[in-house]
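Peer 1: Have a look at this prediction, sequence included:
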Amino acid sequence: MAMEQKNIGLGIHDFKTLIESNCYYVDKSMFIYDIFKHKTKTVTIIPRPRRFGKTLNMSMLQYFFEKHPSRPDCRHLFDGLAITNYPEIMAQQAKYPVIFITFKGIKSLTWQGCYEAIMLLITAECKRHGIVLQNSFTDEHSQSIFQALITQKASQTHYEQALKFLSEHLYNIYNQKVIILIDEYDAPMQAGFEFNYYEEIKNFMYSFFCAGLKDNNYLEFSVITGILRIAKDSLFSGMNNSASYSLLDDAFADKFGFVEGEVTAILDYFQTPIDRTKVREWYNGYRVGLPKYDTQGNEYFTMIYNPWSIIECINKKALGAHWINTGGHMLIQETMRKASAEDKKNLLQILEGGSIEKTINDTIVFRDMYNDSNAMWSFLVFTGYLTWKSRTNMVGKTTALLVAPNFEVLDSLKTMVIAWFNDEKMNRAKFDQMVMGIYDGAPKTFLTLFQENVLASMSFFDIGDDGENVYQAFILGILVSLGQTHEVTTNRESGTGRYDICIIPHDHTKAGTIIEFKKYDMETEDPLDVLAAQALDQIKRKKYTTVMHARKINKIIKIGIGFRGKAMAWEFEVEEGGMVVRHDAFSAEPKKKPVRKKVSAKKTVFKRVKKVAC
C-alpha cells in the first residue's frame, strides 16, 4: 500500500500539530541529543535569525521532555526520527515538568502594552499547570500568589519571580527538577529599543531571568532562543551557569535552517519544478560555525538555507523574496537609515555583490547600535542580512569579510533602500522620472530632476557640506531602480582610471551613462561649473568609455557634476558612433553676496567674502 503524500507544513510552529497533520518534517530531532551534550552549563542560549525554525525546535523539546497529566504519551511523535536510535536519551522522555514561554508576538508600542502582554503569557502558562498546582499548595501565601497570577492581579514583583515560583511548586509535586524553555527572549527587548521603553523592559527581563535561571535550585536545565545575543551586562549579569552559541560557533550549526542534503530531499519529495542551482542562489549561503578544511587545505563552512523560504518556494512553486514579507525588519531599516556616509558606501558594495571587511561581535549592546559602526554590521550578520565569506578569529575579536548570503537577501536590502525614497520628505514620483531620464537616454531631464529633487529634498539623509550622504543615497537609489535593466557599478577601473558611476544597459541599443562627481574644495575654491567641466574632462581624458565600447554600446552619455552641499553645476555630452552629437552645461551655484562690516561709528565698507555652504 502506497504511503499517503505528506503536506507542506507552512507556518506550523507546533511540533505535535506538524507531525499529526502528516506534514513533511525535516528531522532535527538530534537537537535533543545536542542539548543533553551541552548540559554542563545549565542555561543554553541559542541566537538565530528570524524564521530559522527556533520555535518548532523548542516545541519539539517540550513534547519530548514534558510530563503533564493532561498530555498523553507523545512517544509516537518521534517514530522514525533519528533520536530514537539513542536509548539513553529516549529514557529521558516524558520525565520532566516543563515551563515553556514564547515572547515571539510581543511588539508593543508602549511599555504598558508590553508588560500586559507578558502578564498574559505568564498567566497562560500558570493556567496550563493549574490542573496540578491548584490544590497542591500547603500554605495560604503561595495559594494567594498563584491565584493572583492566574487572574492577572499579581504585582510586578510576583510576575518577575514567576519562573522561580512555578519551578519550586512543580518540583514539589513531581519530585523532579524543571526544564525551562524561553523562545524569542529578545523580542520585547528589540521592541523596547525601537519604541523607547528599553530601560523598563530590560529591568523587568533582568529580574525575570535572574530569579528563574541564576540561583534556581529547582532547575534541571534551560534553553533560550532569540535572534540576538544581548550583552550579559544588559540582561544576564552574573549568570555564570549560562553558555551562548551563536552563528560563529560549531554547536547546533546544522540544527536551525536546512543543510544541502535536506533541501535536495524535500525538493525531490514534492517534485518542485525549479532548477536546483537557482534555489541555491536564492536561498543558500549562510555560513555557520568554525572554519573547516578539506584534504587540499581549502577553507569551508557549514552552509545553511533559510527554511521558511524553502517551504514557501515549494508551496508557491516559484522563486521570490519570501523572507522579507514576514516582517521584523523595521529596526534593520532604521539602523541602516542612520548609518554614516562611509557605511552607506559599504552597503553599496554589498548591493553590487561585493564584500567588505568588518569586525563583528556576537554580543549586541543596543545602546551602541546607532553610534558604533561595528555594532551595526554585527547586527546585520546575526539578524540574517549578511554572512561572512571568510573570517579570522583573534583574541576577543572576529574580523570577517561580509557579503549578502543570497539573491533573496539582496532583494530584501534593495527593498529597504527603496523605502528610504518613499519617505514623506522625498518626492518618489520625481525620483522615478529622474531615473527614467537615464533609461531613456535623456541627460538634461535626469540632471534637472537630480538638482531639483535629490539635492533639494533629501534632508533625511543628513546632508553635510560635502554632500557625501546624498551621493551615496543617490547611487543606492539608482542601483535598486535600474537593477533589472542595467548593470550599475561604482569606482571600477576603465581606461586609465576609476570612474564614479557607470550605468550599462543590458540592451546595447540603449544609452549607457558615466557620471563623475567633483566636490567643492575649500582650498582651491574652484567654482562649481569649473568642477563640472573638470569631471567631464576626466571621463574623456582617462577613457572611462572603454567599458562601454567593449559592450558595443553605441550611445554614451558622459556627465560631470560639481557640487557643494545642495548647490550643483553639471556639464554633459552625448556621444553616438564615436562622435559628439550634443553638449550642454548648467550651474546653480549661489551668487556671492557682499557683507556689511562696521569699521567706525561713521564709516562702513563692503568686503567680499566666501559664502559658507548651505
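Peer 2: Arrived safely.
Peer 1: for Lys430, phi and psi?
Peer 2: phi -70, psi -30 (degrees, to the nearest 10).
Peer 1: any idea how far it is from Tyr293?
Peer 2: 54 Å (Cβ to Cβ, to the nearest Å). For glycine as for every other residue, the C-beta is placed from the backbone atoms N, C-alpha and C.
Peer 1: same deal with Ala341?
Peer 2: Look at Ala341 and Tyr293: by Cβ to Cβ, they are 39 Å apart.
Peer 1: Neighbour count for Lys430 and Tyr293, which is higher?
Peer 2: Lys430 (15 against 9; other Cβ atoms under 10 Å).
Peer 1: Dump stretch 399-418 to PDB, restricted to CA.
Peer 2: Listed next in PDB are the C-alpha coordinates belonging to stretch 399-418 (Å, rounded to 0.1, in the frame of the first residue of the first chain):
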ATOM      1  CA  THR A 399      37.300  40.000  11.600                       C
ATOM      2  CA  ALA A 400      35.100  38.900   8.700                       C
ATOM      3  CA  LEU A 401      34.700  39.500   5.000                       C
ATOM      4  CA  LEU A 402      31.000  40.200   4.800                       C
ATOM      5  CA  VAL A 403      28.700  39.500   1.900                       C
ATOM      6  CA  ALA A 404      25.000  39.200   1.200                       C
ATOM      7  CA  PRO A 405      24.200  35.500   1.600                       C
ATOM      8  CA  ASN A 406      21.900  35.100  -1.400                       C
ATOM      9  CA  PHE A 407      19.700  36.700  -4.000                       C
ATOM     10  CA  GLU A 408      16.700  36.800  -1.600                       C
ATOM     11  CA  VAL A 409      18.600  38.900   0.900                       C
ATOM     12  CA  LEU A 410      19.900  41.200  -1.800                       C
ATOM     13  CA  ASP A 411      16.400  41.800  -3.000                       C
ATOM     14  CA  SER A 412      15.300  42.500   0.600                       C
ATOM     15  CA  LEU A 413      18.100  45.000   1.100                       C
ATOM     16  CA  LYS A 414      17.100  46.700  -2.100                       C
ATOM     17  CA  THR A 415      13.500  46.900  -0.900                       C
ATOM     18  CA  MET A 416      14.600  48.700   2.200                       C
ATOM     19  CA  VAL A 417      16.600  51.200   0.200                       C
ATOM     20  CA  ILE A 418      13.500  51.900  -1.900                       C
END
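Peer 1: Quick check: buried residues in that stretch?
Peer 2: Under the neighbour-count criterion of 16 or more other Cβ atoms under 10 Å, stretch 399-418 has 400, 402-414, 416-417 buried.
Peer 1: Likewise for stretch 19-38?
Peer 2: Ile19, Tyr24, Tyr25, Val26, Lys28, Ser29, Met30, Phe31, Ile32, Asp34, Ile35.
Peer 1: what's the most distant pair in those residues?
Peer 2: Of all pairs drawn from the buried residues of stretch 19-38, the greatest distance, 23.5 Å, lies between Tyr24 and Ile35 (Cβ to Cβ).
Peer 1: Who does Ile99 form a beta bridge with?
Peer 2: Ile180 (DSSP bridges).
Peer 1: Neighbours of Gly11, how many?
Peer 2: Gly11 has 11 nearby residues by other Cβ under 10 Å.
Peer 1: mind checking the SS state of it?
Peer 2: coil (DSSP: H, G, I helix; E, B strand; the rest coil).
Peer 1: Give me the phi and psi for it.
Peer 2: phi 80, psi 10.
Peer 1: per-residue pLDDT, it?
Peer 2: Note for Gly11: predicted pLDDT of 89.
Peer 1: And for the one 10 residues further on?
Peer 2: Taken from the predicted model, the pLDDT recorded for Ser21 is 96.
Peer 1: Check Tyr520 too.
Peer 2: 85.
Peer 1: nearest spatial neighbour of it, skipping sequence neighbours?
Peer 2: Sequence neighbours aside, Arg564 is the residue nearest to Tyr520 in space, at 3.5 Å (criterion: Cβ to Cβ, 6 or more residues apart in numbering).
Peer 1: bridging residues for the one you found?
Peer 2: Beta-bridge pairing for Arg564 (DSSP bridges): Ala567.
Peer 1: Please, which helix or strand holds Asn393?
Peer 2: Taking DSSP states H and E as the criterion, Asn393 maps to strand 387-394.
Peer 1: Same question for Ile557.
Peer 2: strand 555-564.
Peer 1: And Val409, by the same measure?
Peer 2: Residue-wise, Val409 maps onto helix 407-420 under DSSP H and E.
Peer 1: so what secondary structure elements neighbour that helix?
Peer 2: For helix 407-420, the elements it packs on are helix 276-283, helix 330-337, helix 341-351, helix 468-482, judged by 3 or more Cβ pairs under 8 Å, 6 or more residues apart in numbering; DSSP states H and E.
Peer 1: so where's the longest helix in this structure?
Peer 2: Identified as the longest helix of the chain according to DSSP state H is helix 111-128.
Peer 1: before we move on, the earlier item: got the angle for the helix holding Val409 vs helix 341-351?
Peer 2: 140 degrees (axes from the mean of the first three to the mean of the last three Cα atoms, to 10 degrees).
Peer 1: Would you mark the buried spots in stretch 294-308?
Peer 2: Buried-residue list, stretch 294-308, by 16+ other Cβ under 10 Å: Phe301, Thr302, Met303, Ile304, Tyr305, Asn306, Pro307, Trp308.
Peer 1: and the next helix or strand after the longest helix of the chain, average pLDDT?
Peer 2: Elements were assigned by DSSP H and E; along the chain past helix 111-128, the next helix or strand is helix 130-133. Here helix 130-133 scores 92 as its mean pLDDT.
Peer 1: who's in contact with the helix or strand just after helix 130-133?
Peer 2: Using DSSP H and E, the next helix or strand after helix 130-133 towards the C-terminus is helix 140-150. With Cβ atoms under 8 Å, 6 or more residues apart in numbering as the test, helix 140-150 has contacts from 122-123, 126-127, 130, 133-134, 137, 153-155, 158-159, 162, 165, 169.
Peer 1: Could you do stretch 575-584 as well?
Peer 2: Outside stretch 575-584, the residues that touch it by Cβ under 8 Å, 6+ apart are Pro443, Lys444, Thr545, Asn554, Lys555, Ile556, Ile557, Lys558, Glu571, Phe572, Glu573, Val574.
Peer 1: Just the element for Leu235, please.
Peer 2: Counting by DSSP H and E, Leu235 is found in no helix or strand.
Peer 1: same question, Val581
Peer 2: Going by DSSP H and E, Val581 is part of strand 579-587.
Peer 1: just to revisit the earlier point, now do the same for the residue nearest to Tyr520: its pLDDT.
Peer 2: Reported pLDDT for Arg564: 82.
Peer 1: wait, what's in contact with Asp368?
Peer 2: So Asp368 contacts Ala375 (Cβ under 8 Å, 6+ apart).
Peer 1: if you skip the residues just before and after it, what's nearest to Tyr269?
Peer 2: Tyr24 is the one closest to Tyr269 (Cβ to Cβ, 6+ apart), at 6.4 Å.
Peer 1: mind listing what the one you found touches?
Peer 2: Neighbours of Tyr24 in contact, by Cβ under 8 Å, 6+ apart: Lys6, Asn7, Ile8, Gly9, Ile266, Tyr269, Phe270.
Peer 1: Excluding covalently adjacent residues, which one is nearest to the fourth one?
Peer 2: On the basis of Cβ to Cβ, 6+ apart, the spatially nearest residue to Gly9 that is not a chain neighbour turns out to be Cys23, at 3.3 Å.
Peer 1: Surely that neighbour is in contact with Ile12?
Peer 2: Yes: with contact defined as Cβ atoms under 8 Å, Cys23 reaches Ile12; the gap is 6.4 Å.
Peer 1: how about Leu267, phi and psi?
Peer 2: Dihedral angles (degrees, to the nearest 10) for Leu267: phi -60, psi -40.
Peer 1: I figured it hits Ile314, correct?
Peer 2: Yes: counting by Cβ under 8 Å, Leu267 does reach Ile314; the two are 6.8 Å apart.
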